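**Student:** no letters, just coordinates:
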């Protein structure tokens, strides 16, 4: 059985205060795509809550990929995914775009999801 862990806005903010960063799981894309899947909504909602609770907070939105495909392709894909998250936060949740900076790291900085 897979267990999905989606942090709440308070946990996200606490992690940023304590460590300067937070890994957000629960933002999904199809393989080799940068279109956010609908099941990502609860995670995006919590990010928006956190940002709306602290209007001074500015963040990097970092996109990742797996290691399948070429390095350059995955670097671009990860940036496109970060751009998609920023676009969603700006368009759907009315977060000021000046507070968000998309950045792609491709497969260089892997994240391991807890299962």
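**Tutor:** Happy to help now that I have it. Everything numeric here is computed off the predicted structure, so don't read it as measured data.
**Student:** packing partners for the one helix or strand in the chain whose mean pLDDT sits lowest?
**Tutor:** In the chain, no helix or strand scores lower on mean pLDDT, DSSP states H and E than helix 9-19, which sits at a mean of 92. Here helix 9-19 touches helix 41-53, going by 3 or more C-beta pairs under 8 Å, 6 or more residues apart in numbering; DSSP states H and E. Any C-beta I mention is one placed from the backbone N, CA and C, and that applies to glycine too.
**Student:** just the mean pLDDT for the next helix or strand after the helix it packs on, thanks.
**Tutor:** Once helix 41-53 ends, the next helix or strand along the chain (criterion: DSSP states H and E) is strand 59-63. Mean pLDDT, computed over strand 59-63, is 96.
**Student:** in strand 59-63, which residues are buried?
**Tutor:** Using 16 or more other C-beta atoms under 10 Å as the test for burial, strand 59-63 gives 59, 61-63.
**Student:** distance between the lengthiest helix in the chain and the chain's centre?
**Tutor:** Secondary structure of the chain per DSSP state H: the longest helix is helix 71-91. Put simply, helix 71-91 sits 9 Å off its chain's centre (C-alpha atoms, centre = their mean, to the nearest Å).
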